[in-house]
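Visitor: what's the 3D shape of this:
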Amino acid sequence: MPKINGNEIRPGNVLEHNDGLWVAVKVSHVKPGKGGAFAQVEMKNLRNGSKLNERFRAADKVERVRLEQKDQQFLYEADGMLVFMDQETFEQIELPADILGERRPFLQDGMTVTMEYYENEALSATLPQKVTCRIVETEPAVKGQTAANSFKPAVLDNGVRIMVPPFVSQDEDVIVNTETMEYAERA
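Guide: From the prediction side, this is the model:
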């Protein structure tokens, strides 16, 4: 694995530090009046989610890790475990349902998910950016209400509550952005 200098760390870099895998969340370069410059790095542990603030000087060497990305197809859920299939080898893998966090309700049967691996260990899963969902409950449109900056609450078929424009009605399909968990457009 390549080693990089402390001042070369960028947000999104995955680093091996203190016997753990960390992703750099925020990086700010500080040049104090006295002493040498350093990079103040806020990191998040990929395995347990803990956070750490660390200072790296330009002379400090850090191990940069490259994660392997594979597309996996979601098959089913059993006993709190999600079962995925590798689309090239047809090998099946079980991962805990909490690997997706709050985006778990958007996972649909047969959906292709991008997994990030480090030496055969699945660290994270990313859903497609846009998912189609059906609205099961929302208020009817109020006559005379304009679409300019007015939204109403709605419940999707997966139980997630989002805000939608007033022209969207019940039993309609909408496209939801899974990163921001917000309404994107009509389907």
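
Visitor: which elements pack onto the helix or strand of the chain with the lowest mean pLDDT?
Guide: Sorted by mean pLDDT, DSSP states H and E, the helices and strands of the chain end with strand 121-126, the least confident at a mean of 83. Using 3 or more Cβ pairs under 8 Å, 6 or more residues apart in numbering; DSSP states H and E, the elements in contact with strand 121-126 are strand 92-96, strand 112-118. Quick note: C-beta positions are derived from backbone N, CA and C, even for glycine.

Visitor: dump the residue contacts of the most centrally placed residue in the chain.
Guide: Central residue of the chain (Cα atoms, centre = their mean): residue 126, 5.5 Å from the mean position. Residues near residue 126 by Cβ atoms under 8 Å, 6 or more residues apart in numbering: 113-116.

Visitor: so which of the residues you listed comes closest to residue 43?
Guide: For these, the residue nearest residue 43 by Cβ to Cβ is residue 116; the value is 16.1 Å.

Visitor: pull up the per-residue confidence for the closest one.
Guide: We have a pLDDT of 87 for residue 116.

Visitor: report the contact partners of the closest residue to it other than its chain neighbours.
Guide: Leaving aside its sequence neighbours, residue 116 sits nearest to residue 67 (Cβ to Cβ, 6 or more residues apart in numbering; 4.3 Å). By Cβ under 8 Å, 6+ apart, the contact list for residue 67 reads 14, 116-118, 123.

Visitor: could you tell me which of these count as buried?
Guide: 14, 116, 118, 123 (16 or more other Cβ atoms under 10 Å).

Visitor: ok, the third one touching residue 20?
Guide: What it means is residue 118. No. Assessed by Cβ atoms under 8 Å, residue 118 is found out of contact with residue 20, at 11.1 Å.

Visitor: so what sits against both of the two?
Guide: residue 46.

Visitor: bridging residues for the nearest residue to residue 18 once chain neighbours are set aside?
Guide: Distance criterion Cβ to Cβ, 6+ apart; nearest residue to residue 18, sequence neighbours excluded, is residue 52 at 7.8 Å. Legend: beta-bridge partners of residue 52 under DSSP bridges are residue 43.

Visitor: quick one: residue 52 and residue 169, what's the gap?
Guide: 47 Å (Cβ to Cβ, to the nearest Å).

Visitor: alpha carbons only: can I get stretch 91-106 in CSV?
Guide: Taking C-alpha atoms only, stretch 91-106 is exported to CSV below (Å, rounded to 0.1, in the frame of the first residue of the first chain):
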residue,chain,number,x,y,z
GLU,A,91,-21.0,-16.2,-4.7
GLN,A,92,-23.4,-15.2,-1.9
ILE,A,93,-22.4,-13.1,1.1
GLU,A,94,-24.3,-12.2,4.3
LEU,A,95,-23.9,-8.8,5.9
PRO,A,96,-25.7,-7.3,8.9
ALA,A,97,-28.7,-5.1,8.0
ASP,A,98,-27.2,-2.1,9.8
ILE,A,99,-24.4,-1.8,7.1
LEU,A,100,-26.9,0.5,5.2
GLY,A,101,-27.9,2.6,8.3
GLU,A,102,-30.9,4.8,7.8
ARG,A,103,-31.1,4.0,4.1
ARG,A,104,-32.1,0.4,4.8
PRO,A,105,-35.8,0.9,3.9
PHE,A,106,-34.9,1.9,0.3
